[in-house]
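**Student:** how would this look folded up:
(one chain, ligands or ions: 1)
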Amino acid sequence: MDFRLTDMTDDEIAQELSVVEPLTDSVRDLIDAVIRTEVDDDVLIAAREQIDAVVTSLRGNQKPGSYGVPFTRKLHGMPYGNAAVGKRNAIAPPLRVEHHDDGSATSEVVLGAAYEGPAGLVHGGISAMLLDQLLGEVVSVSQGVPCFTGTLTVKYLRPTPLGPLSLRAETTGSEGRKFFVHAEISDAEGPTVTAEGIMISPANMPRHEELKRLRAELAASAE
Ligand SMILES: CCCCCCCCCCCCCC(=O)SCCNC(=O)CCNC(=O)[C@H](O)C(C)(C)COP(=O)(O)OP(=O)(O)OC[C@H]1O[C@@H](n2cnc3c(N)ncnc32)[C@H](O)[C@@H]1OP(=O)(O)O
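**Tutor:** Okay, the predicted model is just below:
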């Protein structure tokens, strides 16, 4: 894991997010509008020209390559380009994961037209991505060390409708650097997709105690 540090303070990060998150929401809305619009071609052509002008303005100052995952001096990750939860990524579903004291993680999400596979239903790859993210987060946060997905087994029990969905994940066991995790997506009727993951804390990853030491060192050097 690349511990690239940012010197941004909590207030600066909050200020940036207060501008960026509404922009991401607007782009998400744009994606939905493009999928579902039935306006005439001349309106579509004018829209494309306006969008191209916005892209040119944003390209005025860009990061080279991807966003990466900068860490604050408190070692909070900022995965803002992440495909599943990136706060700057309008392709990412509007997923916000909550972590609980019992070690589980949950999320409520509404999936719209941009996440369709079969008509009116969630694309299977999207379900797998959401579950993978939840499995990774639940184990990384509850165990205090970032883990990678080693093996992901997804079982589609029945079709998942677009609309409001609930997600839940928990760690079920561990062996050395391997963690076994379970997650599921449910609609109002109950589970539609379940996943079992073997998540691995890579050999070269700092363990929890080392992370705590690193946090303390960084905090001391910032004083
Ligand atoms: C505090 C921080 C919080 C921050 C929050 C962060 C949130 C993050 C959310 C992210 C969410 C998104 C998540 C993503 O999208 S993660 C992105 C998708 N995943 C990857 O790209 C992973 C690619 N693979 C690797 O990097 C390595 O192969 C890994 C790290 C997996 C193992 O490489 P390493 O060199 O370390 O392993 P080892 O050879 O010493 O073996 C060790 C043990 O593991 C067993 N094993 C090995 N491979 C597999 C396998 N594939 N399945 C099952 N088991 C496997 C092996 O038999 C052995 O077991 P044992 O013999 O000891 O019993």
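**Student:** need the contact list for Val34.
**Tutor:** Counting by CB atoms under 8 Å, 6 or more residues apart in numbering, Val34 touches no other residue. Every residue, glycine included, has its C-beta placed from N, CA and C.
**Student:** which residues in this structure form strands?
**Tutor:** 98-99, 105-111, 148-156, 163-175, 178-187, 190-200 (DSSP state E).
**Student:** and Gly112, how many neighbours?
**Tutor:** Applying other CB atoms under 10 Å, we find 16 residues neighbouring Gly112.
**Student:** circling back: any idea which of the strands of the chain is most buried?
**Tutor:** strand 178-187 (a mean of 21; mean count of other CB atoms under 10 Å).
**Student:** so is that strand next to the ligand?
**Tutor:** Yes. Judged by CB under 6 Å from any ligand atom, strand 178-187 comes into contact with the ligand through Lys178.
**Student:** get me the contact residues on this protein for the ligand.
**Tutor:** By CB under 6 Å from any ligand atom, the residues of the chain that approach the ligand are 77, 132-133, 136-137, 140-141, 144-146, 148-151, 175-178, 198, 200, 202-203.
**Student:** the same query, at a cut-off of 8 Å, please.
**Tutor:** The chain comes close to the ligand at residues 75, 77, 79, 84, 132-133, 135-137, 140-141, 143-151, 175-178, 198-205, 208, 211, as judged by CB under 8 Å from any ligand atom.
**Student:** in PyMOL, select just the buried ones from the residues you listed.
**Tutor:** Restricted to buried positions by 16 or more other CB atoms under 10 Å, the PyMOL selection for these reads:
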select buried, resi 79+84+132+133+135+136+137+140+141+143+145+146+147+177+198+199+200+201+205+211
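**Student:** roughly how far does Glu196 sit from Gly163?
**Tutor:** Noted for Glu196: a distance of 25 Å to Gly163, by CB to CB, to the nearest Å.
**Student:** before we move on, what about Glu184?
**Tutor:** 17 Å.
**Student:** burial count for His123?
**Tutor:** Per other CB under 10 Å, the neighbour tally for His123 reads 16.
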